[in-house]
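> need coordinates for the following:
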Amino acid sequence: MKFPGINLLEELEKDELHELHAVFNTRTLPKNAIIYTPDEREDLTFIIKKGRVRVYLAYADKEFTLAILRPGDLYSTHAGCYIQSLSSTQLLVADVHAMKTLMDRNPVFTRTMVRVLGHILKNTFSIIGGLVFKDIYARLLDYIIDEAQQAGVPHHSGVLIDLNLTIEQLAQLMGASRQTVSTLLNDMLRAGFIIKHGRGQYIIPDLPALKRHASEQCI
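The predicted structure follows:
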């Protein structure tokens, strides 16, 4: 959940937002820590300062990952989801009510949050649209392309992406079984759309070609 043109960590460093920055407390968590559960009553907003965080739903023995958050991403605990650190993580945490009070007094921050919330709403509709109208293969393609565009590293053989997720975690993100996702990744490997580079790492030899292939899945 990146917000194009908005870096919340940089925004908080601005002089006019020093009062807001003071509302946030830094919280450090180890890998695989459960940060929040739906049963908790604290109403918090947090920004990822370091590491990666998984937002997911759970029922009985099933889990569905809604998002993987990275530095600069924002989330609010009122959504009733589980939140887990996927790596050593630092969060900037603030009470929602304290933030609302500041928003009433600080129009600069209000404008920033309106932009952020607009992007969150857009991302939410994108997730819902993917689940309703796209099959698992199309969603997996979209995710790989999005990773390449957001965090891909130029490589002499194309674009290198580090998903840094197990097949099980990737399956939870796609809303599919581990076997299905593994089979689809192998199909992409055989077709030459991706090349295995290391654990959780892939090279995309021709990103424009992969985008064209993804667009064909929506026809």
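
> which phi and psi does the residue of the chain positioned farthest from its centre have?
Ranked by distance from the centre of the chain (C-alpha atoms, centre = their mean), the top residue is residue 105, with 30.3 Å. The phi and psi values for residue 105, taken as degrees, to the nearest 10, are phi -100, psi -20.

> tell me how far it lies from residue 23.
Counting by C-beta to C-beta, to the nearest Å, the gap from residue 105 to residue 23 is 12 Å. For glycine as for every other residue, the C-beta is placed from the backbone atoms N, C-alpha and C.

> may I ask which helix or strand encompasses residue 203?
strand 201-204 (DSSP states H and E).

> next structured bit after that strand?
Where DSSP H and E defines the elements, the next helix or strand beyond strand 201-204 is helix 207-216.

> can you name every helix or strand that that next one contacts?
Applying 3 or more C-beta pairs under 8 Å, 6 or more residues apart in numbering; DSSP states H and E, we find helix 207-216 packed against helix 136-151.

> give me the contacts around the helix it packs on.
2, 70, 130-131, 134, 159, 161-163, 170, 173-176, 180-181, 184-185, 187-188, 194, 202, 204, 207, 210-211, 213-214, 217-218 (C-beta atoms under 8 Å, 6 or more residues apart in numbering).

> in helices, which of those appear?
Counting by DSSP state H, the contacts of helix 136-151 place 130-131, 170, 173-174, 180-181, 184-185, 187-188, 207, 210-211, 213-214 in helices.
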